[in-house]
Every structure is written in structure tokens, then in C-alpha cells.
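S.K.: any chance you can model this:
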Amino acid sequence: MENKIATPSATKKILREHNLSLKKSLGQNFLVDSNIIDIITSASAIDGDEFIIEIGPGIGSLTQAVLEKLTSGKLLAVEKDAAMVEVLKDIFAEEEKLTLLNQDALKINWKEIAAEYNSENRKIKLIANLPYYVTTPIIMGVLESEIELEQLVFMVQKEVGERICAGPETKKFGSLSVAVQYHMQPEIVHQVPSSVFIPQPDVDSVIVSLSPYAENIYQEEIVNKEFFFQIVKSIFQQRRKTLRNSLSKSAVINLDRDLVTKALEDEGIGLKKRGEKLSISEMISISNRIYKMTK
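M.R.: Coordinates of the predicted model:
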């Protein structure tokens, strides 16, 4: 298909020709700005030989741009809406590099998908224009699947993107920041106004890129992952309390106050310090110490 899908006129024409009505329940907002599409594909650094997963292709504006950059690589597009899948089949009928999968990305076993569709064991990248209401569970589902990803580039609600990328001692630093940054290094690539979508959402978006760490700086240091994230959840559920109080009065994890006090003193952390001011490395260190003290 030569004509760009990512324009208001082309998008409206496709919707009209296929008698499509947008489903608010699926958070369907179609990107109609080719410049933003170019930024997403550039950030993905597609070399042409990858196995690329696209979540939520809609009518294929980003799909089209990715396919243009692929040579020997493959694209797996995962779309929940069966009506959209039929549109994609029609638009990309002759495209051999594309596989369409009519499934809910929230329910996918990503390791099984990678094994089934990436039999050539190509490097894996993921791109997505994510519906706002399922952004966090989809991202975390992919990251926690532990498939080996070379990069993730996705568009999300601006506030969520800022929370993902936030660092310690900032208002937006929280459990989501830690959960994502535990796995990969995030960066906001570009600010995206609501005006580039049909229909226009109520908020602006950002393009976020996640890249692997040069070394696995966090995961190898954690003694017990489940315990660590209980500590993190406790810290941010009561973020205005001191670290000692948030950990010893937590509904998530039942810790003895004297044990927490001793652990903080051994770590050289002031008893009045709030947990939200800790770096991820400091959270890991205190988590490891407390975990060992409870055994």
C-alpha cells in the first residue's frame, strides 16, 4: 500500500469504507500524524532483520511504517478487536512479513508467543500505541515474561510515561518507576499532543523507549524478588511516612519495628528518612538486609 494511513483523510476513509465505529471500551484513538510515526520507528532503530511485536495496531498506521523498514524481518501484530483484524487483513493482504494475531495482549504468554513466531531466533523489539487504561498491565506483563527484548518503544499517556521515567526525590517516582526500571532503562523520546489522534483523547501522550542495561545492575543484586517488591509497595503506599514507619506499619508486609530500626541503622539510613527518597539500589540493599534478618 503506497498511500500513508497516518493522515486524517486516509484514516477517515478507511473507517468509512469498512463501516467501523470506534470502541471507547478498547481505548481506540488512531494516530494521524506521519511525523510521530517516523519518530516511533526511528526510536526503535529498526535494522530490517528483527522480529517485531506490535500491540494494538488498529487500522495499521504504525504497522505500515514498520513493514516499510523490514527486509528479512518479521512483524507480529497483536490486535484484540476482531473487526480491526479484518481491516488489517484487507489492507495488508499481500504482505508476507506480517502475521496478525487476534488476541488480548493482557492474556498472552509472551514466552510462548516468542517461541512460536520467532523460530529464527531473531532479536526482538516491541512497539505499541497503548490504550491508556491497560498501559501498565501490558508493559509489566511483557517485562515480567522475561523474554529477551532488545528494545520497547511505546506511546502512553503523558503522566504514565513521566511516572515510568521518574527518579528518586520526585513527586512522580513510585512503584511503577521502580518496577519498570528494575527491568530496563526508560527514556522519554518525544512529547505527543492529543491533536494527532482521531478521536482526540483528553490528555497528551509521550513516546517512551525502554532499553536493556549494559549490565543487569539490579536483578542480580536482589536476594528475594518477591520480598523486594513487597518492600517497594509498602514504601509507596505510605510515601509521606518515614521509612521506619512505612515498613513497620505496613499492611503489605508485617515487619517488627525494632528489626526495621536495626536494619536502617546498619545501612546508615536516617530513621526519619522517607522511602521515596531512596534510590532503587538503596531499596534493594535495605530489602536484602531485612530479608536476611528475618531468616
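
S.K.: so what does the helix or strand containing residue 37 touch, helix or strand wise?
M.R.: Under the criterion of DSSP states H and E, residue 37 resides in helix 34-44. When contacts are defined as 3 or more CB pairs under 8 Å, 6 or more residues apart in numbering; DSSP states H and E, helix 34-44 packs onto helix 61-69, strand 124-129, strand 149-157, strand 185-192, strand 205-211. Every C-beta, even on glycine, is put in place using the N, C-alpha and C of the backbone.

S.K.: in the stretch 1-150 of the chain, which spans are strands?
M.R.: Listed in chain order, the strands of the stretch 1-150 of the chain (DSSP state E, counting those that start in this stretch) span 30-31, 51-55, 74-78, 98-101, 124-129, 149-157.

S.K.: before we move on, the earlier item: pull the CA coordinates from the helix holding residue 37 and hand them back as CSV.
M.R.: The C-alpha coordinates for helix 34-44 follow below in CSV (Å, rounded to 0.1, in the frame of the first residue of the first chain):
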residue,chain,number,x,y,z
SER,A,34,3.2,10.6,9.9
ASN,A,35,5.9,12.7,11.7
ILE,A,36,5.0,11.0,15.0
ILE,A,37,5.1,7.6,13.3
ASP,A,38,8.6,8.4,12.0
ILE,A,39,9.7,9.3,15.5
ILE,A,40,8.5,6.0,16.8
THR,A,41,10.2,3.9,14.1
SER,A,42,13.4,6.0,14.4
ALA,A,43,13.5,5.4,18.2
SER,A,44,13.0,1.7,17.5
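
S.K.: contacting residues for residue 66?
M.R.: For residue 66, the contact set (CB atoms under 8 Å, 6 or more residues apart in numbering) comprises 41, 44, 46, 52, 54, 75, 127.

S.K.: quick one: which of these is nearest residue 209?
M.R.: residue 44 (8.0 Å; CB to CB).

S.K.: ok, that closest one touching residue 125?
M.R.: Yes. Residue 44 lies in contact with residue 125 (CB atoms under 8 Å); the separation is 5.8 Å.

S.K.: these two: which is more packed in?
M.R.: Higher neighbour count among residue 44 and residue 125: residue 44, with 25 against 22, using other CB atoms under 10 Å.

S.K.: what residues go with each domain of this protein?
M.R.: By the assignment in the TED database, the chain contains the domains 6-213, 218-292.

S.K.: could you dump those domains to TSV with mean pLDDT?
M.R.: Shown next, in TSV, are the domains of the chain (pLDDT from 0 to 100):
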stretch	mean pLDDT
domain 6-213	92
domain 218-292	91
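
S.K.: give me the common contacts of residue 44 and residue 125.
M.R.: With CB under 8 Å, 6+ apart as the test, residue 44 and residue 125 both reach 52, 151, 153.

S.K.: which one of the residues you listed has the most neighbours?
M.R.: That'd be residue 52 among these, by other CB under 10 Å, with 29 neighbours.

S.K.: run through the helices of this protein in chain order.
M.R.: 8-17, 34-44, 61-69, 82-91, 110-117, 135-144, 158-165, 175-183, 225-237, 243-248, 257-267, 280-293 (DSSP state H).

S.K.: gap between residue 17 and residue 67?
M.R.: Using CB to CB, to the nearest Å, one gets 20 Å for the distance from residue 17 to residue 67.

S.K.: who's more crowded, the two?
M.R.: The neighbour comparison of residue 17 against residue 67 (other CB under 10 Å) goes to residue 67, with 20 against 10.

S.K.: who's in contact with the most centrally placed residue in the chain?
M.R.: Averaging the C-alpha coordinates of the chain gives a centre point, and the residue nearest to it by CA atoms, centre = their mean is residue 139 (3.2 Å). Taking CB under 8 Å, 6+ apart, we find residue 139 in contact with 130, 152, 154, 164, 180.

S.K.: picking that back up, of all the helices and strands packed on helix 34-44, which one comes closest to residue 12?
M.R.: Among those, helix 61-69 sits nearest to residue 12 (CB to CB), with 12.4 Å.
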